[in-house]
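*Asks:* return a 3D structure for these sequence lines:
(one chain, ligands or ions: 1)
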Amino acid sequence: MSPSSTPTTAPAPSSSSSPSPVPPPMPPPSACWRDGQPAPYLHIARTFNLLEGEKGRIKATSLLCNMFRSLLALSPADVLPAVYLCTNKIAADHENKELNIGGSLVTAALEEACGTNRLKIREMFNKFGDLGDVAQECRQTQRLLAPPTPLLIKDVFSALQKISVQTGSRSTSRKKGIIVHLMRSCREKEMKFLVRTLVRNLRIGAMLRTVLPALAHAVAMNSCPTLHQEGTAENIKEKLQVLSMAVVEAYNILPNLDLIVPSLMNQGIDFSVSSLSMVPGIPIKPMLAKITNGIPQALKLFENKAFTCEYKYDGQRAQIHKLVDGSIRVFSRNGDESTSRFPDLIDIIKESSKPVASTFIMDAEIVGIDRKNGYRIMSFQELSSRGRGGKDTLVTSESIKVDICIFVFDIMFANGEQLLGFPLRLRRKYLKDLFYDEKPGYFEYAKETTVEADDACLTCEATLTKINAFLEDALRSSCEGIMVKTLDVDAGYSPSKRSDKWLKVKRDYVEGLNDTLDLVPIGAWHGNGRKAGWYSPFLMACFNPETEEYQSVCRVMSGFSDSFYIEMKQFFSGDKVLSKKPPYYQTREAPDMWFCPQVVWEIRGADFTVSPVHHAAIGLVHPSRGISIRFPRFISCVSDRSPEECSTAADIGEMFHSQTRKMDITAGD
Ligand SMILES: Nc1ncnc2c1ncn2[C@@H]1O[C@H](COP(=O)(O)OP(=O)(O)OP(=O)(O)O)[C@@H](O)[C@H]1O
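*Replies:* Residues are numbered from 1 along each chain as shown. The predicted structure is shown next:
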C-alpha cells in the first residue's frame, strides 16, 4: 500500500462483479488514521458497537473481518493487540495473567474521571445492569473543555498489561491511575467498551471462534486481492472455510495468539496448521467425551470397531508437560497452570519417566489416594481440600495432607513428535515406551480392558457381560464410571472436541440424569419459614456462547447446608446484586433478586423436560420452549470453571436428545 498523506479509512473491498460468498462488507464508519500510523481505539470501539446489535455469526464475522482488513493494510503492528482486545484476553491462558479489577475500582476511577459520585453510579447501575453502559452515560453527560487526546489500540492494550503486573502496596491506586488516564481520553462509545474490557465482560458475542475466522478472512482477502475473481462463489467460500478451520485448529494445539497471529499474517492464504507445532509448556485444549446413556448405546456407536474401556477416575484432569529444559509443568482442564499445587507430582513423574523421555505432553487424572490404610481412592471433594497452590496458599511437601496418584491415559507429544493423528493404540505404545512400570498408588496407567473389532457388537453376550463387569469393578473402585474410546479406526486425539471417539458411561445414568450440569445462579427468591432471611430457591442458568446469554434451567432448593445458605446470603450482596433483569438473561421467571454471574454449581436432576418458563436451549429442541430439569439438587461448587465455562445450551439440547434416545432403546428392549 502506498504511503498516503491524507487520513484514510478501511481499504475499499474488491468491487468484483462475481458473486461473493462473504459479501465484501461495507466498512464501518471507520475512525480515520494515516497509513503507517498507530490505529485509534475508536476503530475497534465502533466495530464493537455495531457488533453489539448483531446476533448472527456471519454478520459478526464480516464486521470483524472488515475491521481487521483496515488494520492489516494501515497498521499491521496493531493486529495482534486488536485480536487480544476483541477476544477479551491480555495474554495466553496458561500465563494466568489477570487484571484483578473489581467493579468498585472501576467505579472509583469513574468518579474521578467523570466527576460523578458513587450513589449516582449505583442508581444508574440499577437502571442499566451493566457497568459499561453506566460509564458511557457518565461520559456522555460530561462537559469537556477540550477534545481528549485520542486513545490508541496499542496504548489500551499496553495499559491492560501494565495493570496486570501491579502488585503490592498501593497497587490499587496505581491501577486506578492507569484507568482514570484511559477514561479521560475516551470518545464516542469508547468508554462503554473500555469499561467492559476492564470488568472482563465485553458482551459483543465475539468469541475466539468468531474472531479467528474473521481474521483469517481478512488475511486471505488482503493477501490475495483478486480472491473474489478466482473461481466460483462456492470455491471461494470453501477456501475461506478451510483457512478459518486451520486457524482454529492451530489455536487448539497452540493456544497462544502471539504465535498464531504473526504466523497467519506471514503465510496469508497458504497458512497451514502443519507449520505450527505443539510446544511443551503451552497447554493444548483437551479432548472431551460425549455422554452416553449406557453400555448398549456405546456398543451401538462402536460396532465393528476395536475399542477400549478405561476406568473414569474422579479427580482433576492434568495435562503434564516435560519441557526441553527438563522441568515438569502441570495444567488444568482450562489450561491454567497448577504446577505449584502438586509439588509431589513432579517427583512422581521424574521417578517414573525413563531417561529417553526428553519432552512430552500427556493426559492424566490426578486422584487423591489414601496409601496408609491400604489403597483407597479418595473422592474429588477430598482432593479439593488440598491448597490451591497460589501465592497465598503455598503447597509444600510438608503441608500436603492428601496424597495423590497419577492415572495416565494418553500422550499427545513425545520427544519432539506430534502424536495427535496417531490412533490411541499406537499412542499408548509411545506412552509405555517413555515410562517405567506402574508404581501402584503413585503412577499408574488408567485401568483398561480392550474389545477387539470382531467382538464389538450389541448382540455379543460375552462382550456385554465383560463390559458390565468392568463398569461394576470401576464403580467398586470409587470411580465415576468408565470411558469408552476407539482404538484403531477414527482414534486420533482431537483437541478441544467433544467427539464420538470418547464416550463416558457414568453410574448416574441408571439413577437419573446421565450427567450433572454445571449451572450459574442468576437470581433467587427470599426464603420462607425455616429459610427466612436466606435465599431460597436459587434460579440456575446455563450459558449460550453463540448469543452470550444466560438461559434459565431450573429453580434449585435442595442439597444446600444451612451454613451454605448463610454464606450465599453474604456472598450475593453489594455489586453482585442487580435490581433489574439484564438483557442477557433469558427466562420467564421473575425472582426477587437478580445476581451477576459469579459462580458455578454442580446440579443433578431426575430428568429433562420441555418447559414454557425456562429458556435453556430454546430453539434447539422446541421453537419457543426451553429445557428444564426435574427435581434439581445442589451437589457442589465448581471452583475450576468461570460462569462462561458452565454447561452450554448445546450441551443441554444434546442431553435432552440423549434422554430421548435412551427411552427409545429401553422401549426397544
Ligand atoms: N480414563 C479417562 N479418560 C479420559 N478422561 C478421564 C478418565 N478418567 C477420568 N477422566 C476425567 O473425566 C472427565 C470427563 O468427564 P466428566 O463428565 O466427569 O467431566 P466434566 O468436567 O463434567 O465434563 P467434560 O470434561 O467432558 O466437559 C475428563 O475431563 C477427565 O478429567
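
*Asks:* and the stretch 301-450 of the chain, which of its residues are near the ligand?
*Replies:* Counting by C-beta under 6 Å from any ligand atom, the residues of the stretch 301-450 of the chain close to the ligand are 310, 312-313, 317, 333, 365, 409, 446. Just so you know, the C-beta spots here come from the backbone N, C-alpha and C atoms, and that holds for glycine as well.

*Asks:* what's the lowest-pLDDT member of the residues you listed?
*Replies:* pLDDT is lowest at Arg333 among these; the value there is 89.

*Asks:* got phi/psi on that residue?
*Replies:* Main-chain torsions, Arg333, degrees, to the nearest 10: phi -60, psi -30.

*Asks:* show the backbone phi and psi for the closest residue to it other than its chain neighbours.
*Replies:* Nearest non-adjacent residue to Arg333, counting by C-beta to C-beta, 6 or more residues apart in numbering: Arg317, 4.3 Å away. Per-residue torsions, Arg317: phi -60, psi 140 (degrees, to the nearest 10).

*Asks:* hmm, back to that, between the residues of the stretch 301-450 of the chain next to the ligand, which is nearest Ala246?
*Replies:* For those, the minimum distance to Ala246 (C-beta to C-beta) is 24.6 Å, reached by Arg333.

*Asks:* ok, that closest one - contacts?
*Replies:* Neighbouring residues of Arg333 by C-beta atoms under 8 Å, 6 or more residues apart in numbering: 286, 316-317, 640.

*Asks:* which PyMOL command selects the buried ones in those residues?
*Replies:* The PyMOL command for the buried members of these (criterion: 16 or more other C-beta atoms under 10 Å) is given here:
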select buried, resi 286+316+317
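
*Asks:* pLDDT wise, what is Pro19 at?
*Replies:* 37.

*Asks:* quickly find the element holding Lys239.
*Replies:* Per DSSP states H and E: Lys239 is located in helix 233-253.

*Asks:* actually His321, sorry about that
*Replies:* Counting by DSSP H and E, His321 is part of strand 316-322.

*Asks:* same deal with Ser536?
*Replies:* Here Ser536 is assigned to strand 535-544, by DSSP H and E.

*Asks:* now do that strand: distance to the chain's middle.
*Replies:* Here strand 535-544 is found 20 Å from its chain centre; the criterion is C-alpha atoms, centre = their mean, to the nearest Å.

*Asks:* show me what it is packed against.
*Replies:* strand 517-526, strand 549-556, helix 562-571, helix 649-668 (3 or more C-beta pairs under 8 Å, 6 or more residues apart in numbering; DSSP states H and E).

*Asks:* residue contacts, the closest residue to the ligand within the stretch 1-150 of the chain?
*Replies:* Proximity of the stretch 1-150 of the chain to the ligand (C-beta to the nearest ligand atom) peaks at Asp93, 16.2 Å away. By C-beta under 8 Å, 6+ apart, the contact set of Asp93 is 255, 283, 334-336.

*Asks:* could you redo the last one with a cut-off of 10 Å?
*Replies:* Applying C-beta atoms under 10 Å, 6 or more residues apart in numbering, we find Asp93 in contact with 255-256, 282-283, 285, 331, 334-337.

*Asks:* buried residues in the one helix or strand Ala216 maps to?
*Replies:* For Ala216, the element it lies in under DSSP H and E is helix 208-223. By 16+ other C-beta under 10 Å, the buried positions in helix 208-223 come out as 208-223.
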